[in-house]
Structures are given as structure tokens and as C-alpha cells.
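# here are the coordinates; sequence isn't available:
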């Protein structure tokens, strides 16, 4: 039983990171009704920019390197909307889809051009884990989970306790009616892209702290974010959060029955099953996020 409990704990830790990826993706869908395929590259760019600031001449510790990385990732997210999506938003949805795929390739190969295709690490010193009730957890994993909970808590506060959050939810429900009521779509758009970019970058940095960096990390985790969004219902922020946790747990429990090399297969399988049997997701809603 301890073995399965350890897998469950690892799944919750991984799922909290996947939730960060998924909520940003579903927020963009909830407001603008399109899936941003370049969302995964915000994950990778956040991790690689933090890596850049941990190296000479900056040589910052990772918790400080994360600050300029989040700021630059936010700029990249805003630039995606300002220079690509905004010009295409009122046209054919297929055009937006193709543009996001093209932007994804552009950003991914930008990483290869700057940092190469080899695996990179932050070079953090290994630390001894804590043991309790037969389970093991490292200080790094504790910090990762705490950071994920902190940022998800910020999102909860924004959406439920601020006027800005009410505006976001109103636009997600009905953009035209929100405009008639005087809500600034421009401010909402900036906020959505800022949150999506920052949450993706935070998740990318946390994931790279525990594993490593490679140019395809954005694409790999985009699939998991898709699975979480479909599971929770496209446009449902809290559903995406629960979907991310479920994906993390399912992946880690799955390695008890299949080879770890097929771990990513679980996300693909869940996507296919959801599209076949419940395309609106378990928590699917009409309108945007709640």
C-alpha cells in the first residue's frame, strides 16, 4: 500500500503543476473561444528564461531568476495577442488555429536557436527527502506544491473577490453584453493573457526544477493541459484545475501497471475517451469560466 500511496503523492504534486498549465489554457478559451496551440511554448520559454538568468553573468538563484522570467513570459504572452491573434480574432476560427500552430513552431525553434536542442538543468544541488508514514517527499517538491497552491490561490482571489474578476467572468459569459454594460474588453484581454502567460511560466519553471529543460517540453505538457481542459470542461477554470490533478494522479498511478515510457499515453487516451463519450467534459458548462 505504501507504494501506491507514494505514487498518489507524486501524482498530486505533478497534478498541481498540470493545473497551472490547464487554467491558463482554459481562461483564453473561455474568453476568446479558441485553443491557443502556442500556449505550450509559454511553458518552455518561462523555464528557459529562468535558466538564462541562473547562468553567468547574472548567476541568480532560481527563486530570483523566476521573477524576470515571469515578466518576460508575460510580455511574450501579450505580444502573441497584440501582434497575431487580435488581428485575426474576428475572422475564421480555422485561421486562428493555423496561426497558433505556426506561432508554436516559431517559438519552439527560437528556443533551439538560442539554447540548442540538448537537455539542460538548473544545476540545483540534490537534497535529502523527508520520510513520514512510509512516504518520501523532497524540499523541492514541497516548494513546488506550495508555489502552485499560492498562484492558484491568487487566481481564486482575483476571480471571486475583485471587480476585475467579475469583469472577467462577465466577458467569458457574454462578451457582447459585457461591452454594452461598459466593461473594457481591452483590459480584460490584457488580464487574461497576463494570467495565462504567468501561470504557464510558473508551471514550466517548477517542472524544470524537478526534471530538466528541453525544447519539446512545451508541446509535451500542452497535451496534458488539453487533456485536463477536456476533462474539466473547456472554459471551466475550476474544472481544469481538477482535471490537472486527475491527469497527474492517473499518470503516476498508471506506472504501477504500464511502463513509465508510456506515461504520456494516458493523457492521449483520456483526450480520445473524452472526445468520444463526453466532449463537453465532466464539468462542462455553457459560457466561460466560473
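Done, it's in. Being a predicted model, the structure only gives us computed values, none of them experimental.
# average model confidence for stretch 210-223?
For stretch 210-223, mean pLDDT is 92.
# repeat that for stretch 12-19.
93.
# so which bits of it are buried?
Buried residues in stretch 12-19, counting neighbours by 16 or more other CB atoms under 10 Å, are found at 13, 14, 15, 16, 17, 18, 19. Yep, even glycine has a C-beta here, placed from its N, CA and C like the rest.
# ditto for stretch 35-49
Here stretch 35-49 shows 35-49 as buried, counting by 16+ other CB under 10 Å.
# still on that earlier bit, I'd like the buried residues of stretch 12-19 written out as TSV, with distance to residue 27 and secondary structure added.
What follows is the buried residues of stretch 12-19, written out as TSV (distance: CB to CB, whole Å; DSSP: H, G, I helix; E, B strand; the rest coil):
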residue	distance to residue 27	secondary structure
13	23	helix
14	21	helix
15	18	helix
16	17	helix
17	17	helix
18	15	helix
19	12	helix
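# nearest to residue 163, of these?
residue 19 (25.1 Å; CB to CB).
# for the residue lying closest to residue 201 once chain neighbours are set aside, give me its contacts.
Of all residues not flanking residue 201 in the chain, residue 46 sits nearest, at 2.5 Å (CB to CB, 6 or more residues apart in numbering). By CB atoms under 8 Å, 6 or more residues apart in numbering, the contact list for residue 46 reads 69, 70, 73, 197, 200, 201, 202, 203, 204, 205.
# neighbour-wise, which one of the residues you listed leads?
residue 200 (35 neighbours; other CB atoms under 10 Å).
# ok but it is inside a strand, no?
No: counting by DSSP: H, G, I helix; E, B strand; the rest coil, residue 200 is not part of a strand but helix.
# just the pLDDT for it.
Taking residue 200 on its own, its pLDDT is 95.
# my guess is it meets residue 22, correct?
No: using CB atoms under 8 Å, residue 200 makes no contact with residue 22, being 9.9 Å away.
# quick one, strands of the chain?
130-132, 135-137 (DSSP state E).
# deepest-packed of those, please.
strand 135-137 (a mean of 15; mean count of other CB atoms under 10 Å).
# okay if I get the strands of the chain as TSV plus distance to residue 276 and mean pLDDT?
As requested, the strands of the chain are exported to TSV (distance: least, CB to CB, whole Å; pLDDT from 0 to 100):
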stretch	distance to residue 276	mean pLDDT
strand 130-132	41	80
strand 135-137	36	88
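# looking at the ones you listed, which is closest to residue 9?
strand 135-137 (5.6 Å).
# quick check: which helices or strands does the closest one pack against?
Here strand 135-137 touches helix 2-32, going by 3 or more CB pairs under 8 Å, 6 or more residues apart in numbering; DSSP states H and E.
# any idea how far the helix it packs on is from the middle of the chain?
8 Å (CA atoms, centre = their mean, to the nearest Å).
# and that helix, which residues are buried?
So, applying 16+ other CB under 10 Å, buried residues of helix 2-32: 7, 9-11, 13-32.
# and it, what does it pack onto?
Against helix 2-32 (3+ CB pairs under 8 Å, 6+ apart) you get helix 39-54, strand 135-137, helix 139-161, helix 163-173, helix 185-210, helix 217-232, helix 237-254.
# show me what the third one is packed up against.
Applying 3+ CB pairs under 8 Å, 6+ apart, one finds that helix 139-161 makes contact with helix 2-32, helix 163-173, helix 185-210, helix 237-254.
# count of residues packed around residue 279?
Neighbour tally, residue 279, other CB under 10 Å: 11.
# what residues are up against it?
residue 230 are the contacts of residue 279 under CB under 8 Å, 6+ apart.
# before we move on, what about residue 219?
By CB under 8 Å, 6+ apart, the neighbours of residue 219 are 40, 104, 108.
# so which of those is the closest to residue 131?
residue 40 (35.1 Å).
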